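Asks: the amino acid sequence is not available; the structure is as follows:
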């Protein structure tokens, strides 16, 4: 594997010099489908054209219920998602974009006043700082100083993903969330593909095998990573397709909560949750992840981990919860099999 400084230099050159706009991308891995959320579509219309033209994300990293939050965008690039979030957090919230590429930061900073006036703010609630997502301390970001971290197709570009996750966990307050999209592969990539400059720049060469990501996230303190949405990626470039033949890539949006006591598996303690409504754009039904949708005013059994994700985060005001952890009832069957072993006729153990 190439050394860290070589890879970082190549990434900076790729995104700062070689790519002048999204049309210069050689694959469609770093492309985001149009958002369904009307509030996001409206907010996008308020983002400067030059900022949008230099956007290279692979997913939509704008979660719900962000009013007043302190947000950090890892690998903020030209600042598109920062300016989206600026509108959603409101003047009482703040957004800090961190990136290591001078050319991208120049674009983002050039339009600070333009967006402040567009949003009708007395003062800008957005700032940008140069730094490395593997070393947030080096950028001056303190412990437990952030409510929400977002990132859009950038973690795969880091040479030390464990450091990114560890630093994210450090700067998040308890109950905070790391909500991000990235590219993953169905298997571990060999070193020759990881070292391919074009594949790395196109967010494919640095893609993690998804089980490796799960293990890294849990080791960093993010128990029970939750998939919000995922989609299979096509490459649409014959030369690149030939290089990665036999490998499947996916764009996946994860949410990771900084919560003590999350268990490695979904355990049943008899908890129930009822959504009270009130979350913007999801008043009738709230989607926590790809297998938890809460209809308004309906009680729904939940595992112990989901109970914590609702009770000990910014979602708490929108839910009524009942149950405790006094009695363990086994595997929570709504998240998988109740008994992971053979349920045939009982046999003697000897």
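Replies: Perfect, I can see it now. All of these numbers come straight from a predicted model, not from anything done at the bench.
Asks: when you work out contacts or count neighbours from here on, use the C-alpha atoms and nothing else.
Replies: OK.
Asks: what about the helices in the protein?
Replies: In the chain, the helices defined using DSSP state H lie at 4-13, 38-45, 49-53, 80-89, 102-110, 112-119, 161-171, 191-194, 197-201, 210-219, 238-243, 304-311.
Asks: next, the angle from the longest one to helix 210-219.
Replies: Read that as helix 161-171. Using axes from the mean of the first three to the mean of the last three Cα atoms, to 10 degrees, the inter-axis angle of helix 161-171 relative to helix 210-219 is 30 degrees.
Asks: the fifth one too?
Replies: Between the axis of helix 102-110 and that of helix 210-219 there is an angle of 60 degrees, by the same axes, to 10 degrees.
Asks: for the last one, same thing?
Replies: The directions of helix 304-311 and helix 210-219 differ by 60 degrees, with the same axes, to 10 degrees as the criterion.
Asks: lowest average confidence across the helices of the chain, which one?
Replies: Among the helices of the chain, helix 4-13 has the lowest mean pLDDT, at a mean of 56.
Asks: the helices of the chain: which one's closest to residue 178?
Replies: Closest approach to residue 178 among the helices of the chain (Cα to Cα): helix 161-171, 7.3 Å.
Asks: quick check: which of the helices of the chain is buried the most?
Replies: helix 80-89 (a mean of 25; mean count of other Cα atoms under 10 Å).
Asks: determine the set of other helices and strands touching it.
Replies: With contacts taken as 3 or more Cα pairs under 8 Å, 6 or more residues apart in numbering; DSSP states H and E, helix 80-89 sits against helix 38-45, strand 94-99, strand 126-130.
Asks: dump these to JSON lines, plus distance to residue 117.
Replies: Shown next, in JSON lines, are those (distance: least, Cα to Cα, whole Å):
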{"stretch": "helix 38-45", "distance to residue 117": "14"}
{"stretch": "strand 94-99", "distance to residue 117": "16"}
{"stretch": "strand 126-130", "distance to residue 117": "13"}
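Asks: closest to residue 73 out of these?
Replies: When the helices and strands packed on helix 80-89 are compared by Cα to Cα, strand 94-99 sits nearest residue 73, at 4.8 Å.
Asks: mind giving me the packing neighbours of the longest strand along the chain?
Replies: Identified as the longest strand of the chain according to DSSP state E is strand 172-185. Where contact means 3+ Cα pairs under 8 Å, 6+ apart, strand 172-185 is packed against strand 146-152, strand 208-209, strand 249-257.
Asks: who wins for proximity to residue 99 among these?
Replies: strand 146-152 (10.7 Å).
Asks: roughly how far apart are residue 251 and residue 182?
Replies: 6 Å (Cα to Cα, to the nearest Å).
Asks: between those two, which has more neighbouring residues?
Replies: residue 182 (27 against 23; other Cα atoms under 10 Å).
Asks: now the more buried one: closest residue in space, sequence neighbours ignored.
Replies: residue 153 (4.3 Å; Cα to Cα, 6 or more residues apart in numbering).
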